[in-house]
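1. Coordinates for the following, if possible.
(chains A and B)
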Amino acid sequence: MMDYNRSRNQLEEDRIDEVLEVIWMLREEGGASTDDVRKRSEDPEVDQVLKMAESERFVLTDSGRLSFSPQGEKRAENVIRRHRLAERLLSEVFEIEEKQLEDHACELEHTHVLSEVVVDSICTFLGHPPTCPHGKAIPRGECCKRFLHDLKPLVVPLTELYIGGDARIVFISSKYHARLDRLSSLGIVPGSILRLHQKQPTYLIKIGETELALDGELAKEIFVKKIYTS
Amino acid sequence: MHGHTVKDTKTGSKIAIVGNPNVGKSVIFGLLTGRYATVSNYPGTTVTLTTGSCKVGGEDLMVTDTPGINTLIPMSEDEVVTRDILLNDEVKLVVQVADAKNLARGLQISLQLAEMGVPFILVLNMWDEAGTRGLDIDAKKLSGAIGTTVIPAVGVERKGLKELRESLSGRRFSSLNMTYGRIIEEGIGKLEALLPESKISGRSIALMLLAGDASLKPWLSRRLTPSDISKIETIQRNVQSRFHEPLGYVINQARLKKAEKIAEGVLSRQQKNGSTLTTSIGRWAMHPVWGVPVLLAVLFLMYEFVGVFGAQVLVGLLEEGLFGSYINPYMTLIAERLIPDLFFRDLLVGEYGIITMALTYSIAIILPVVGTFFIAFGILEDSGYLPRLAIMVHKIFKLMGLHGKAVLPMVLGLGCDTMATLTARVMETRKERVIVTLLLALGVPCSAQLGVILGMLGGVSASATLIWASVVILVLFIVGFLSSKILKGEGSDFVFDIPPLRVPVLSNIVFKTFSRINWYLKEAVPLFIVGTLILFTLDKIGGLAAIERVANPVVVGFLGLPAKATEAFLIGFLRRDYGAAGLYALAQNGQLNPNQVVVSLVTITLFVPCVANLLVMVKECGIKTALAIVVFIFPFAFLVGGVLNFGFNLLGIRL
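-> As a prediction, the model looks like this:
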């Protein structure tokens, strides 16, 4: 990818990134056609950029339906991963308001801004979040597979919070639907502020005036960010 | 699912009380109807519907108390009951009871009631507790925000009752509404077009379907064609595919956010610190270290009160005093005068007489124990200790494929296994319910039996009590462990609401104990009489001796007990506490040595509790499972007794 950066002007690269991003998001919502991309994209010369992406063999067109080539897939995935991790970083760490989130995240999504190594560090720092603050999936990176622990993450599973600590739930990473339903019906959702009272024999947390006991297996899947009160 | 429908009312429109678990719905129900529904301080006390009547301004109302729910998308059987009453019944008004301390969680349900389009009013119960925690709710403002009546109340002090009764005659529809974002709203629109006529809004049903509520399937399939149902499923899948997270979770989050926003608007907080004694004890009772001495202290006090005071002091007074010295001799005297016929005289006051056996056992031996146990148990329930116990034993229960919540039906089983088997509904999966039902039937002695057992063992030695308890607990654990491996299906997650520790309200303890004793007398005494009649008849026709001969190899040979113990086992089939009472009488006559006491008690403890319990098992688990449980239990009980006897002999143990 670095080769492209040298041979082509930066702005064009960024515009290809944007279009790939739009296609990815449309695909998440069911499928992408050239028309959809035209509607969704903010690029005034979207057709031109699409053509560029096609000639670079990132995007394949089949009677108006768009799909990624393997290398396009890889590039789009990287863009999305950067964008959504950036959103997490900005909202969790810097607590930037939602309105401004999008603009900043868009700037951070490009390869020349954040290198792969930096992105993996952010991911690790945030505890390898599975979704962005809007609930959309963040593509997994190499670091998630290794689940690095050498960098002390900011967002940790509840099991690693100290007893008596206050924390805000950032995300819940569970593959069981019923579990998420149950937790959310009891008020355990992202955004809730909790205090951890004990870890044995079961976890005991307090949210508002509700005290809840939960098994360690559930606590492992609840990721929180510590709140320091002065 | 199991015919939970309320008995059709003669007159009156229907009022349903709904709300989160453990917010005091049953208290409000009691206040409105004057009928007692069991009230305790832990979630899941009410698992079925209770209906009572109430008259307001000349209008007859039928009020129904329902099991607690956190959302109207049910996750366990007891929750299905509550949703179904809204879905299927003509409800005039819903009285939503919420915990004032946890307003947002209550409003989550308000949002759903408004969505359904059912008229409701909101009772903010435990208003006083919110106050002591520094929470101040502007009820008027809240009423404006949700567009329906809001009544602050303290149920146990009858505060707010007058306003509540006055509001019952109206029908207020809340003005609350919310949207869930473009994609979900589109899905709702498409689903609504397909849905049949219903008592609640199509929008609310559409949301339940989107959230993946499987319990609606039977309702739908009765009303729609298979092709429409498959269309509905396709829509659900399509909407879900646009979200990374399960829709139920997305919807719950949106509701909670909205509820919190409303709550924040009407709530002011004052910092109140300093923990009270009850909160400290509440903490200790769940503490990994201090929780253990607290548990031991609770057990010790229970034993002193039930095992010593009830089973020894009171039983002594009643059995030897009242029945032994007065009632039985006098009744015998009177019978001898008035009833010339020996047959009928024996029927009343003979060896297997209704007075001398059935009433002596049930009133003199068992009632004091049942009474003291229900008092102690009521105090435990109302204090909020039981959920804390669930935390302490969670890990042990996990090994049996269950989790801490299962301790509730198990402990309730120490009161009455039949009631407890119903409570197994709080467990979420069938596998868990079957294991709980099996363990209850197998080895959790009910208070009646426990009392007799403790009374007997108290007369032997502490080590005898210890051996009996260890064997039974070990057997329960092994069977639980193995059945969790053998039975197919899944367990569920342990997430459990821990209510605050409270000082029990005396009147509730009295009410509860009274209604439970009343229930015991109605349920158990007739069976005791039936059992006595069977023994009497068998004795008269010479059948008893024949059965004893047949059972001889097992009872005498294998268990090493006297042949007369067969009688106890025989009536033990009917009710195992009655069987235990028979053993008690044998031991008192010096016909059992300490070893035999322990062997016979272990055997009878492992019997199926009683006929009523069997019927409930059939109802809850189906006849096949219930029969399998019974066929397993009886031979197994004798096997364990025999092995214990063998072990005693082998090791030369003489207690």
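2. for the chain, which spans come out with low pLDDT?
-> You didn't say which chain, so I picked chain A. The model of chain A has pLDDT under 70 over residues A:1-8, A:111-112, A:147-152, A:229-230.
3. that's the wrong chain, I meant chain B
-> Applying pLDDT under 70 to chain B flags the ranges B:1-11, B:272-275.
4. Stretch A:87-104: how far from the chain's middle?
-> Stretch A:87-104 sits 12 Å away from the centroid of its parent chain (CA atoms, centre = their mean, to the nearest Å).
5. how long is it end to end?
-> Chord length of stretch A:87-104, first to last residue, is 8 Å (CA to CA, to the nearest Å).
6. Next up, phi/psi of A:Glu42, please.
-> Here is the backbone geometry of A:Glu42 (degrees, to the nearest 10): phi -100, psi 0.
7. helix or strand for the nearest residue to it once chain neighbours are set aside, which one?
-> Spatially, and ignoring its direct neighbours in sequence, A:Glu42 is nearest to A:Glu18 (7.6 Å; CB to CB, 6 or more residues apart in numbering or on different chains). (Glycine included, C-beta is placed from N, CA and C.) Element membership of A:Glu18, judged by DSSP states H and E, is helix A:10-28.
8. Quick one: list the elements packing against the helix or strand following that helix.
-> Once the chain leaves helix A:10-28, the next helix or strand it forms, by DSSP H and E, is helix A:34-40. Other elements packing on helix A:34-40 under the criterion 3 or more CB pairs under 8 Å, 6 or more residues apart in numbering or on different chains; DSSP states H and E are helix A:10-28, helix A:46-55.
9. Excluding its own residues, what touches helix A:34-40? List them.
-> When contacts are defined by CB atoms under 8 Å, 6 or more residues apart in numbering or on different chains, helix A:34-40 is touched by residues A:19, A:22-23, A:25-26, A:46-47, A:50, A:61, A:64, A:66.
10. could you redo the last one with a cut-off of 6 Å?
-> Helix A:34-40 is contacted by residues A:22, A:26, A:46, A:64 when judged by CB atoms under 6 Å, 6 or more residues apart in numbering or on different chains.
11. Distance-wise, check the third one relative to B:Phe496.
-> The reference is to A:Val46. For A:Val46, the distance to B:Phe496 (CB to CB, to the nearest Å) stands at 53 Å.
12. These two - which one has more neighbours?
-> Just comparing A:Val46 and B:Phe496: by other CB atoms under 10 Å in any protein chain shown the higher neighbour count belongs to B:Phe496, 25 against 19.
13. In three-state terms, label that one for me.
-> For B:Phe496, the secondary-structure state derived from DSSP: H, G, I helix; E, B strand; the rest coil is strand.
14. domains for chain A, by residue range?
-> With domains defined by automatic domain parsing, chain A comprises A:1-153, A:155-227.
15. if we can go back for a sec, count of residues packed around the residue nearest to A:Glu42?
-> When neighbours are counted by other CB under 10 Å, A:Glu18 comes out with 19.
16. Distance of it relative to A:Glu87?
-> 16 Å.
17. Adding distance to A:Val119 as columns, could you present the helices and strands packed on helix A:34-40 in CSV?
-> CSV is the format used below for the helices and strands packed on helix A:34-40 (distance: least, CB to CB, whole Å):
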stretch, distance to A:Val119
helix A:10-28, 14
helix A:46-55, 22
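18. ok so, going back, any idea which of the domains of chain A is most buried?
-> Most buried of the domains of chain A by mean neighbour count (mean count of other CB atoms under 10 Å in any protein chain shown) is domain A:155-227; its value is a mean of 20.
19. near chain B at all, that domain?
-> Yes. Using CB under 6 Å from any CB of the partner chain, domain A:155-227 reaches chain B at A:177, A:179-182, A:184-187, A:189, A:200-202, A:208-211, A:213-215, A:218.
20. Endpoints of that domain, how far apart?
-> End-to-end span of domain A:155-227 (CA to CA): 11 Å.
21. repeat for stretch A:182-201
-> Stretch A:182-201: ends 21 Å apart by CA to CA.
22. Stretch B:484-500 now?
-> Stretch B:484-500 has its terminal residues 32 Å apart, counting by CA to CA.
23. Also stretch B:97-104?
-> Using CA to CA, the end-to-end distance of stretch B:97-104 comes out at 13 Å.
24. Now that stretch: buried residues?
-> Judged by neighbour count using 16 or more other CB atoms under 10 Å in any protein chain shown, the buried positions of stretch B:97-104 are B:97-104.
25. quick one: which of those sit in helices?
-> Counting by DSSP state H, the buried residues of stretch B:97-104 place B:103-104 in helices.
26. Lovely, talk soon.
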